Structure formats: structure tokens, C-alpha cells
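> sequence and predicted model, in that order:
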Amino acid sequence: MSLGFAALEFSDDVSFSGEKPGAAISISQYAKEGMSMVITANRQEEVDRIGAVFVQNFNVRKV
């Protein structure tokens, strides 16, 4: 699955940061503590759309 985010140079094995026109994402995996994800975009509708893809495909929850 691709949402069109280009990985930023400081992404690594435990953290992914990416951006595309109008949106950015940061995902971090913490040892024995789960993960966190932050989605930013110019429009709330885009944040909701991207978040819904992760909820549907990866069983994450939105808080």
C-alpha cells in the first residue's frame, strides 16, 4: 500500500517520517511500548482520510 509519502532522510528502522504535497506523517515504534503516529495536512479531511487507511488496514486506533 502506498499513500504517496516520500521518506525523509532521517527515517530509520524504528521511525518513519514522510511528506507529500499538503501532508506529512511521522511513525515511531517504541520497544515494548507500542507505536505512535502523527498525521498533519493542510486540510482536516486529508488527515481523516489518511488516518482511516491506517485504522482499516493495520487495526490501529485514533485518539
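Looks like it arrived, so ask away.

> host element of the residue nearest to the spatial centre of the chain?
Geometric centre of the chain, nearest residue: residue 25, 4.0 Å, by C-alpha atoms, centre = their mean. Assigned by DSSP states H and E, residue 25 falls within strand 23-30.

> hmm, back to that, list the contacts of the residue nearest to the centre of the chain.
Shown in contact with residue 25 (C-beta atoms under 8 Å, 6 or more residues apart in numbering): 3, 5, 16-19, 37-40, 50. In short, each C-beta sits where N, CA and C put it, glycine included.

> filter these down to just the ones in strands.
16-19, 37-40 (DSSP state E).

> list buried residues within these.
16-18, 37, 39 (16 or more other C-beta atoms under 10 Å).

> in TSV: these, plus pLDDT.
TSV is the format used below for these (pLDDT from 0 to 100):
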residue	pLDDT
16	93
17	95
18	95
37	92
39	96
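
> out of the ones in strands among the contacts of residue 25, flag the one nearest to residue 10.
residue 17 (6.4 Å; C-beta to C-beta).

> for residue 23, the count of nearby residues, please.
The number of residues packed near residue 23 is 19, by other C-beta atoms under 10 Å.

> now do the one 4 residues further on
The burial metric for residue 27, expressed as a neighbour count using other C-beta under 10 Å, is 18.

> now it, which residues is it bridged with?
Listed beta-bridge partners, residue 27: residue 16, residue 37 (assigned using DSSP bridges).
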